[in-house]
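Student: Sequence and predicted model, in that order:
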Amino acid sequence: MTLTQHDIDQEIAAEHAAYEKRLADGGPVEHHPRRDYAPYRSSVLRHPKQPPVTIDVSKDPELVELASPAFGERDITEIDNDLTRQHHGEPIGERITVSGRLLDRDGRPVRGQLVEIWQANSAGRYAHQREQHDAPLDPNFTGVGRTLTDDEGRYHFTTIQPGPYPWRQHLNAWRPAHIHFSLFGTAFTQRLVTQMYFPSDPLFPYDPIIQSVTDDAARQRLVATYDHSLSVPEFSLGYHWDIVLDGPNATWIEEGR
């Protein structure tokens, strides 16, 4: 039997009702989705069923890093944070500026952190070998960028407004436009991954991934705000999005905490 959007809508509603009941019964606010959130089928498939692998670092504290990526400040070039300048021609689509701050739970800036992004192009297609969406590729847009936060914890990207795309979990399943963010930390084992969305997207109610964040306030923290002061005259519209690493105002992170 084909899984439909109506089926997913009913499951999302049931999950929200169950969360509201847990709150009413005195349960804690859930800033992050449960790993077995049923409407998002891949989450169930990826749900860990074995205990974490223990690595003995008593003899060598850096043992866990031996097979992990590494980077240095000299690895960042001046155009890495401008996804519109990485090829010979102009990418197709609406140019946008995305900026914000990386903050700890007390609102203090987190400096010198590697922030990476990846996204679909304006037609909703990723430049990836396993991409299945038949929208056109843009030869002038790869959809990947990176930068380091400054002394105020700020990051800044110039890119193209990503398009929504179908993802085949169920009949007529579409993902809202979004940008993936990766925060490296001081070591690869500290890496955190999240997603930023755009205001007033009509696909929000139908998407089981963003709806897996069942708390309304936590879900809203994934949505950027339009900021006219970040818009560049005759060039790009501006969006502001802060990332909070911990505490009651923490930004949702994939795989939870």
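Tutor: Great, that's in hand. Numbering: from 1, shown residues only.

Student: distance of residue 94 from residue 182?
Tutor: The gap separating residue 94 from residue 182 is 24 Å, by CB to CB, to the nearest Å. The way it works is simple: take the backbone N, C-alpha and C, and place the C-beta from them, glycine included.

Student: ok, now residue 254?
Tutor: Residue 254 is 10 Å from residue 182, by CB to CB.

Student: Where do the helices of the chain begin and end?
Tutor: 5-24, 41-46, 208-211, 216-220 (DSSP state H).

Student: So for residue 250, which of those helices sits nearest?
Tutor: Residue 250 lies closest to helix 216-220 among the helices of the chain, at 7.9 Å (CB to CB).

Student: what is the mean pLDDT for the closest one?
Tutor: Here helix 216-220 scores 94 as its mean pLDDT.

Student: OK, contacts around the residue nearest to residue 88 when sequence neighbours are not counted?
Tutor: Leaving aside its sequence neighbours, residue 88 sits nearest to residue 140 (CB to CB, 6 or more residues apart in numbering; 7.1 Å). By CB atoms under 8 Å, 6 or more residues apart in numbering, the contact set of residue 140 is 87-92.

Student: rerun that using 6 Å as the cut-off
Tutor: For residue 140, the contacting residues are 87, 89, 91, by CB atoms under 6 Å, 6 or more residues apart in numbering.

Student: Distance check, it against residue 163.
Tutor: Residue 140 is 15 Å from residue 163, by CB to CB.

Student: any idea how far residue 128 is from the residue nearest to residue 214 when sequence neighbours are not counted?
Tutor: Nearest residue to residue 214, sequence neighbours excluded (CB to CB, 6+ apart): residue 19, at 4.0 Å. Noted for residue 19: a distance of 33 Å to residue 128, by CB to CB.

Student: Settle it for me: which of those two has more neighbours?
Tutor: residue 19 (17 against 11; other CB atoms under 10 Å).

Student: Neighbours of the nearest residue to residue 43 once chain neighbours are set aside, how many?
Tutor: Sequence neighbours aside, residue 37 is the residue nearest to residue 43 in space, at 5.0 Å (criterion: CB to CB, 6+ apart). Using other CB under 10 Å, residue 37 has 21 neighbouring residues.

Student: right, and residue 37 touches residue 212 too?
Tutor: Yes - using CB atoms under 6 Å, residue 37 is in contact with residue 212, at 4.3 Å.

Student: Dump the contacts of residue 140 to a markdown table, plus distance to residue 250 and neighbour count.
Tutor: Converted to a markdown table, the contacts of residue 140 look like this (distance: CB to CB, whole Å; neighbours: other CB atoms under 10 Å):
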| residue | distance to residue 250 | neighbour count |
| --- | --- | --- |
| 87 | 36 | 13 |
| 89 | 40 | 9 |
| 91 | 33 | 20 |
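
Student: Dump these into CSV; add pLDDT and distance to residue 136 as well.
Tutor: As requested, those are exported to CSV (pLDDT from 0 to 100; distance: CB to CB, whole Å):
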residue, pLDDT, distance to residue 136
87, 94, 15
89, 95, 14
91, 97, 12
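
Student: Centroid-nearest residue for the chain?
Tutor: residue 195 (1.5 Å; CA atoms, centre = their mean).

Student: Please name the residues that touch that residue.
Tutor: 178, 180.
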